[in-house]
Every structure is written in C-alpha cells, then in structure tokens.
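**Student:** need the 3D shape of this:
(2 chains)
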2 protein chains.
Amino acid sequence: MTSYSAPLDDYRFLINDVIGLEQVTALPGCGEMNAEMVEAILSEAGRFGSEVLAPLNQSGDREGSSLENGIVRTPKGFKEAYKLYAEGGWTAMTGAPEFGGQSLPWLVTAPINEMMNAANMAFYLCPGLTQGAVELLEAHGSAEQQETYIARLLSGEWCATMNLTEPQAGSDLGSIRTRAVKEDKHYRISGQKIFITYGEHDFTDNIIHLVLARTPDAPEGTRGISLFIVPKFMINDDGSLGGRNDLRCVSLEHKLGIHASPTAVMSYGDDGGAIGYLVGEENRGLEFMFTMMNNARLLVGSQGVAMSELATQRARAYARERVQGRAAGSKDAVSILNHADVRRMLMSMMAQTDAVRLLLLYTSAQLDVASKHPDENIAAQHQQRVDLLTPVVKAWSTDIGIESASTGIQVHGGMGYIEETGAAQILRDARIATIYEGTNGIQANDLLGRKIVRDEGRALSDLLAEIRADAKKRNDPRLSQGCDALNEAADWIVKNYADNADAVTAGAVHLLRLVGIVTGGWLMGRSATAAKAKLDSADGDQVYLNRKIVNAAFFSENYLPEASLLLEKIKGAGQIVGDTQIDFFE
Amino acid sequence: MTSYSAPLDDYRFLINDVIGLEQVTALPGCGEMNAEMVEAILSEAGRFGSEVLAPLNQSGDREGSSLENGIVRTPKGFKEAYKLYAEGGWTAMTGAPEFGGQSLPWLVTAPINEMMNAANMAFYLCPGLTQGAVELLEAHGSAEQQETYIARLLSGEWCATMNLTEPQAGSDLGSIRTRAVKEDKHYRISGQKIFITYGEHDFTDNIIHLVLARTPDAPEGTRGISLFIVPKFMINDDGSLGGRNDLRCVSLEHKLGIHASPTAVMSYGDDGGAIGYLVGEENRGLEFMFTMMNNARLLVGSQGVAMSELATQRARAYARERVQGRAAGSKDAVSILNHADVRRMLMSMMAQTDAVRLLLLYTSAQLDVASKHPDENIAAQHQQRVDLLTPVVKAWSTDIGIESASTGIQVHGGMGYIEETGAAQILRDARIATIYEGTNGIQANDLLGRKIVRDEGRALSDLLAEIRADAKKRNDPRLSQGCDALNEAADWIVKNYADNADAVTAGAVHLLRLVGIVTGGWLMGRSATAAKAKLDSADGDQVYLNRKIVNAAFFSENYLPEASLLLEKIKGAGQIVGDTQIDFFE
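**Tutor:** Below is the predicted model of the structure:
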C-alpha cells in the first residue's frame, strides 16, 4: 500500500468547525471564498495529489534525479506531472491577481501544501520554493522585475530557486563569500552555492535563481549581503529567452531521502561572472530573505504534518490487513490491531497528526488576518501571534513527522525495513525537514530569544490568557496546568536570560515543545468540543467525530502531562549544559 | 570522518571500577581471567574493528550484497575481512573449549560485540548469528551433531543461519508452515523462509541453516514446531563436503540499511525436499530456539549501544571541527560546540550511551554468574535478574541507538543528510534493531507479562531493594523517586492485569522505559561514585573521570524525572487504548 488519500474530512471539520473559516472570509479580497469553494479547491488538490503525484512518489525515490553533462534529468513522469500541475493552475495559488495569481488565503494553501507534500514531497519542493520566490519579488522586486518574472513564475512557465548556503556558510549566512561586482545596470556574480534544491532540472525552459552575494565593499557579516536575480537563460527585451548565463550545476548530492529532488552544487561565474540583477538595494539581502522565511517555515511545517499523516495512513492500513498472533483467550489469528501496543502506536500517530495539523491551520488563519485585516492594530496583534508560533509550527511538526514516520516503520515490523513497503521512505524523506529552513535548534532559539525574551513574554502571555480562559470554560485541569508550567518557564527564561544566556538557551528545544504541547492541547480540546456539539446535534459522521474526541483525549492524557517535566528540564537541566566547557567534548 | 575508535577507556573503567570484574573471575573456568587479560583482548578486538571492519562500513553500505544466478556476492573486502576475523580467533570467542571455543565470559564478549557492531554492523550479523547457532547446538544437539558442526563453526570454516520467519509467520512463529517429513534418519524439508540474514554468502564453503518446520502430524501452533539442521552442502562421513542440498536463495531484500548484509528469501525443497536433521526431539523446536534467544537479545542490545556510541563519536568530532556562527559577544567565528543546543544534543547522546552500555555490561556479568556459579540458588537469583533485564537491554538500548543516530544527523545539520558524511547510514542501520529478534513492543510485553506479572513483581522488587539501598546511601532523591514510581507502576500492573489485560499492556513500552531509566540511573550513579573515588585518590585521567560524573548528573537531571510521567502514562493512558474498538482504526 503506497497510495495516499487526502484527509478532506479533516480539513472540512477543522477549518469550518474548529478554526473558523469566517474570520478569513470576512477579510478584504476573500469575500468570494466560502465553505463550498474551499471544499471544491481542496478536493481538487487532493485528487491531483493522489492521482498524479502519489503514484510517482516511490518510483521517483528509487530512480532519483541524475546529472549528465550539466543536464539534470528528474525521474520518469516528473516533468509531465509538473506540466499538469502548472496547467491545473496550482503554480498560481499564491501570488497577486494582477500577475495571474489566485492569492488564496493561507488557511487554504496550508492544506494544499500538506496534501501535495504528502503525495510527493520531493516533487513539491520545486513549486514550494517558487511560491517563496514570488512572495519575495512581490515584496521587494522593482516594478520591472515583477513584470518580467512574476507572471511567468505563477503560470508555471519558469521555476525559481533560493541560493543561500555555501560550504562555510550554513546556519550562519553572515559568512557568505559569493561576490557580486557592479557592471553597468547589472552585477557579475561569482562563487559556489551548495544544497540548492532544484538548482537545475528539466521541468521548465528557464530557472530564476535568487542568489545571496556580497559586493566588494560591503560591510562584514549579515549586514553586507545583497540579493540578486540570476536567470539561467538571459531574457530578451521581447521576453524571449536569450543566451545562457554563466552558471552551472556542478554536481548533485546523494541524500538520505527526497531522492527525486535534485540538490545541486551550483557554480556561478566560472567564465567571467554570471549576470545578476540587484533586488531592492545593496546590503539588505538577508532582510529581504527573512520576509519570506516565516512563510517558508510554515511550508516546511506542512511537510511535517504531511509525513505524519502519510505514515499514519500507511500504518493504519497495514495494521488492519496484517494477520499475526491471537487475541487473548482466542485460537483464531487476528489482525495486529488486536494487540494493544499496536493500537497505542497508531493512536499516538493519529493524535499527534491532528495536533500539528491544527496548529498549522490555526497559525495560517492568523497569518491571513495579519496580512489582510484593514485595522492595523488587529493585523499587528495577529502578526505577533504568527511570529510567536511560526518556529513552533516548523520545528514541532517536523519533529513529529520524524516520530510518526519511525513509529510507522515499527507498526510494519520487519516489512517496514524493506524499501518496497514504502514506510522507510517516509522516514528518509521526513528526516530533512528538521534541518533545512533553519534547524529546529535554531527555531527554538528564535522562539526563546526573539519571540519571548525580546518582548518579555508579552505575546506568549496574550496567547496563554486565551488558552486559560478556554481551559477554565471547559474545566480542563490538565490544560490549565500546562499553562501554569509554560507561564513559569517563560518567566524564568525572561528573568535569567541576560545573566545566563547559555544555560537558558540549552533549554530552548524543551521550551518549543512545551509551547507546542500546550497550544496543541488547547486546539485539540477545541476540536473535541466542536465534535461533541456536532454529535449532540446529530450533524456529521459519528465514527469520525468520535475519533476526534478520542484523539483529543489521548493527546491530553499522553502529552499534556509532559508540561511539568519540560518545565523542570528548562529550569534545571540547562545549567549543566551551560557550565560545561568545550574540552568536555574533546 | 567515518572512522571508529574503540571506547577502551570506558570498558576499563566500567568493568573494573563500576560493574566489578572480580565477580566474574571468581567463577569456575574464569580463573585465568584478569584485568590485564581483559584489557589485552578488548584492545585487540578494538584494533580489529577499527582497522579491518570500520574501513569497509561505508563502502559496504554503498555497494551492498548482490544475487546473481543463485550466488550472493558480499561487498568488496568483506570476504577477506571474514577470513581475517576467523584467523584472529574471533569466531571462537564463545563456545566450549572441547570444540575449540574460548568460552569468554559475557562481560568480555559484550564489549567485543559492541565494538564489532559499531565498526561494521552489517558484517557482524554473520558471526553474531553463528554464535547463537553454536550455543543452540551445544545445548540441544546430539553428540554426533556437536562433533560434526560445532568445531567448524567455531573455527570459522562454516557459518550458520537462523530460519524462523515465513511470510505469514513473523512475530507469531506458531503459524509456521514449512514442512518436515521423516525419511530414514533424516527429514525432507520444504517451504519458504524470509528475512534470512546471511542466508547465502561467499564467506565460507558451507552454510549450516537451522530451520524451524512442522512435521505432518504435529500439533497446531507453537507446540508443533521442530528444529532442523539443514546444511547447504551435505557432509560426507569423512567430513568432506558432498553434494548440494535442495535449498536456494531466491532473492535478496532491498532494505533501509545494513545493506552489506544479504537478507535472503530461502526456498527449501523445490526439488523433492532438502535433507534436514532433527535437533533433539520433535515439537520442541521453539523451546530450543528460546534458550538462545535471551543471549541473542543481548547481542542486539549491543547493536543499540554500538550505534549510539558511533553516532556520538561522529557528532562530537564534527561539532569540534565545524566552524559556524559566533559566540555571544564575540566577532570571531567559533566551532558549533559553542552553541548551547549543540552541547545539549551531544550530552544527551553521551549520557544515554553510558547508561545503555552500563546496563548491557551489568546484565552480562549477571549472566556469567547465572551460567557458571556453583551455588544453584545464587545462579538462579542471577538468572532471574537476567530474565528481567534482558528485554530492557534489547529494547531500551536499541531505542536509544535510533535516538542517538537521529540526533547525530541533527548535529551535522545539512551535511548529516548527505550520505557521504556517514551519519545517515547509522540511522538506517540502527533502525532494524528495534524490530528484529522480537520487536521492542514484544520485548515490553515479555517484561510486563512474563517477567513482572507472572512472579507478581518479585524479581523486580529484589532489584528495587538493591537500588533503593544505594539511593539512600548516596542520598539520591531522584533515584529514590524513580524507585517509588516504578514500584507503584509494578503494583498497579500486577493488580490490574487479570481484569484489564488490554489497558495494562498498552502501557508496556512505558514500563520498559521506566525500568531502563531507573536501572540506568542507578548504574550511572554508581559510575559517578566510582569516578569520584578515583578522582579523590588521583587515580586515572581527570578529564575522563569528570566526564563520567557530568554524564551521570546529566542523566539524572534529564531522564530520571521522567519516572513520574511514565507512571502516570502507565496508569492512565492505557485505558483509552484498551477501550478503543477496532473500528476506530478503519
């Protein structure tokens, strides 16, 4: 069983009955959106994922992309799938209407991103990155640049890439060495970039590279980095493609997973310098890059949700079908669902998938309000919450993506270790998501330092006040205790950070998980309440609604109680890390 | 950095100063053993692992074993390495002296197993399985069978395999269908076996298959399974090899990891029936198999320790060398060791590796006393503890093997996802160890049902009394609280199992982790006490001894506090799993 079935029931219930579509449809520009339309879009996206992308997921993994004479060949069927993807208008779901974009709300693109990633994460990296590039050009490109590039990126005629990393500059982009020298109206770019996802491929005739580089007299570090548009083929004044630019794919990486996605080493300027066009002004490249990074982190978060969902679907299907062992007191062979530990594993996957999906959808809806609400104060309040939760969506979801993928293998037993089964690929694919777009350790530092310490915990307090009110209304002592633990952790962090940054930071990942568990537990509770209300009014599928209630109860019993342990770890265990000297690790 | 350095410092300290070699040297047949000899053997084994096996680990993974026309070719260098392994006498480290075995104590073979596995787990599966076959034949083979096979298995001239699994019979061996029909003095075996590790290879001229099969009139289920010796080549009366037996390797599996190790589908009796020789009597095959399974589980436990150690070595080395980012308040680029979260990751790996290694060594020493002590009562007491802790060694160590391997990738950042780095292979290899030799869920059920419920918690109480006494002596409240939690969990389990087996069993994996954490925390405390004593008397390497103290403190602060959470999960969270009906998962 290597298929994928889009969880449309979940989106319908979670968007309409838990998160609330109305807060998004009330926004300017979203007036035409309604539940039926969302349902139609998501169901079409699910169909595309299941029918077009999912069938290529395993074959793409096995074949991988290959490089020969500078030409990258994606696996069989990928190029055709990309054509269908563009023809279906999916390349245009984000992006402004004046360039042909549909400007769908994030609450709608988040499920689409999840489904496409679940169907074929290695494929979807290409359109996903192009989404980010469009966003960046809309925010910071000149009118001419927008004119030249955005429409053709949104139509799917071209794709875009992000060129950040260099061998010595990974998490620390301040160390970038790629050079950009001004020449007339353009710059000459030279240097090597690594880990460039879809840096070269055969989907489209042209590839638009967004490249971070340093001008000769730029200040050192992060304040001396500029952003350039470097097309693979030059673009003539009439819009037709001109000559080849001075850049090439030197090699592809052999990776643990996402094999179908070509991860390129790119060389710029071997022959005098690639022609690049400055975006905005010099030395503001990193700042521009960060404007799209929040949303890119939500996209990676959706990969975590997707891998968790996919692993859960496969494990459930296998457990239903696999006959092994006998139930207590019986001589008949039974499916492994009859073994309590198998059920426990599946329930842990189901509950956690629900929780991270809820957090992703919640944060996406907050982002819609933040981006579009006419009242500046309301927009700013929502943006504050988005900023707070984005690192949590990214890191917590992807941690759980790995956990579910690994548990999924375990449910399959020996078959899970055999590649044909498909369970192992999910772990291999999921494993990257905690690393790229800022490692989960960096997300945790961002949450702790920029999102909590910097505002002295105010954004978190606002959120906790809302959660506490709900916990009180629902009479949910576990959730209240979770809030207490998180509140105490934040107070302790704010108080101790200045004097003891190392010891405090050592607990950052525990803090991030604590925020995830409390926020996830809150949303799971809201989901259970909504499900009960629908059950009471006999509205909807009883089995489904009951499952949501049980998932929430399982989450509450198995994960919320971690809160006090995490608090203890944050307060106590960081000190020993902070105190440890470097020579300890020699 | 893909090398391996044997942790000889650890073995020296842990065996001599924490576990106590003297309890083993006092045993009959172990009188010649002393600290110098153990040091010499381990250092030689470490050298062999580092110099001969480790250099083939990555190339073996990349090349894999292949099957062509029924012939399996292992990766380049493996056959030669096996020859050196046998010449070095390593095939003979277990096994009785009368057949040429060295009958080393388990306390010595456990570190050897760990080192060989860390150096090249895929290689070591072959000698590891042969160790088990020798043990089985020594216990249950006829004098003639012992004469024919054991010496040549111990010399390394032949290898052995274990043929248990069939497509419909994995964890539930009662469903085996392979047939054995008596014919004169032998049987004719026919059927298909899957997941046969080194079922076919090019290391040796002959392969001795131990095969579980069912005679025509055998009772159903586990009580109707017999064990047979089925050699690849028949053995003439003069000991020379005769004709080919009727068995063949049909295919090899494509696995997530341990690529160098051929995992065969074996077909017996396509041409009238393979000749097999009954071991012991009919219908006792599974019972015989279980006599060696305890020790095979310790061997798999050593794989968990090995993977955790290997991942830790690689991550430490990478973190020392990788320069990225700046320390707070500094403009100079620093190694990533300066980032608190990286230190936290490394410390979690170091502390947990210490803990699982200690538990493995402790259990191995207990097994030595159980096997060799002249006083039956003392032997039985120790055997009881071995029985209690063996599933914990197997499951907890291998869980931590996976966790460390995954954390190791995370420490490497993007480089961890690239196969050349070697970090990803450790996760791929480690992932099998929680599945085979009884999944970790089955280990947990064994611990809960057979080792705790069956004797109403007495074996565990004896262990807890010892731990409590130590905790009191050391004034270690965290360890005492861990004991309380474990004690309460066991009482609750014993009391509720009969009426509510499903809900209780749903907490089995939490119970196993709780036993691991409390026992591991106890041994880590003993390790810290021993290190302090040595520091006080200025005996030994200060940096090393201090590291042991810090590792123990880290373990105590980060893992022991989980005890009360695990208790809560055992008592509370199982009910929801127990109550859930099968249709929940439809």
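
**Student:** parallel or antiparallel, list what pairs with the longest strand anywhere in chain A.
**Tutor:** As far as residue count goes, and with DSSP state E defining each element, the longest strand of chain A is strand A:186-197. As defined by DSSP bridges, the strand partners of strand A:186-197 come to strand A:179-183 (antiparallel), strand A:263-268 (antiparallel), strand A:274-278 (antiparallel).

**Student:** what about it, average pLDDT?
**Tutor:** Along strand A:186-197, the predicted confidence averages to a pLDDT of 98.

**Student:** what strands line up against whichever helix or strand comes after that strand, and which way round?
**Tutor:** Next helix or strand after strand A:186-197 toward the C-terminus (DSSP states H and E): strand A:206-213. Using DSSP bridges, the strands paired with strand A:206-213 in its sheet are strand A:158-163 (parallel), strand A:226-231 (antiparallel).

**Student:** for residue A:142, the count of nearby residues, please.
**Tutor:** By the criterion of other CB atoms under 10 Å in any protein chain shown, residue A:142 has 14 neighbours. From N, CA and C alone the C-beta is placed, and that goes for glycine too.

**Student:** and what about the residue nearest to residue A:123 when sequence neighbours are not counted, helix, strand or coil?
**Tutor:** Computed as CB to CB, 6 or more residues apart in numbering or on different chains, the closest residue to residue A:123 that is not its neighbour in sequence is residue A:53, at 5.6 Å. In terms of secondary structure, residue A:53 is helix; the call rests on DSSP: H, G, I helix; E, B strand; the rest coil.

**Student:** gap between residue A:53 and residue A:155?
**Tutor:** 19 Å (CB to CB, to the nearest Å).

**Student:** for the residue lying farthest from the centre of chain A, give me the pLDDT.
**Tutor:** Among the residues of chain A, the one whose C-alpha is farthest from the average of all C-alpha positions is residue A:331, by CA atoms, centre = their mean at 47.1 Å. For residue A:331, the model assigns a pLDDT of 76.

**Student:** what about it, which SS state?
**Tutor:** Classified using three-state DSSP, residue A:331 is coil.

**Student:** before we move on, the earlier item: tell me which of the strands paired with strand A:186-197 is the most buried.
**Tutor:** Of the strands paired with strand A:186-197, the one with the most neighbours on average (mean count of other CB atoms under 10 Å in any protein chain shown) is strand A:274-278, at a mean of 25.

**Student:** how about the nearest residue to residue A:9, chain neighbours excluded?
**Tutor:** Of all residues apart from its sequence neighbours, residue A:544 sits closest to residue A:9 (CB to CB, 6+ apart), at 5.7 Å.

**Student:** got it, and residue A:402?
**Tutor:** Setting aside the residues directly before and after it, residue A:402 is nearest to residue A:430 in space (CB to CB, 6+ apart), at 5.1 Å.

**Student:** now the helix or strand containing the one you found: average pLDDT?
**Tutor:** Residue A:430 belongs to helix A:423-430 when elements are defined using DSSP H and E. Taken as a whole, helix A:423-430 has a mean pLDDT of 98.

**Student:** do the same with stretch A:337-355
**Tutor:** Per-residue pLDDT values across stretch A:337-355 average out to 96.

**Student:** pull out the buried residues from stretch A:20-40.
**Tutor:** A:20-21, A:23-25, A:27, A:30, A:33, A:38 (16 or more other CB atoms under 10 Å in any protein chain shown).

**Student:** please enumerate the strands of the stretch 251-400 of chain A.
**Tutor:** The residue ranges that make up the strands of the stretch 251-400 of chain A, judged by DSSP state E, counting those that start in this stretch, are A:263-268, A:274-278, A:323-326, A:333-335.

**Student:** in JSON lines: the ones you listed, plus distance to residue B:234.
**Tutor:** As requested, these are exported to JSON lines (distance: least, CB to CB, whole Å):
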{"stretch": "strand A:263-268", "distance to residue B:234": "53"}
{"stretch": "strand A:274-278", "distance to residue B:234": "70"}
{"stretch": "strand A:323-326", "distance to residue B:234": "35"}
{"stretch": "strand A:333-335", "distance to residue B:234": "37"}
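
**Student:** between those strands, which one is nearest to residue A:409?
**Tutor:** Closest to residue A:409 of those is strand A:323-326 (CB to CB; 16.0 Å).

**Student:** partner strands of that closest one, with direction?
**Tutor:** strand A:333-335 (antiparallel).
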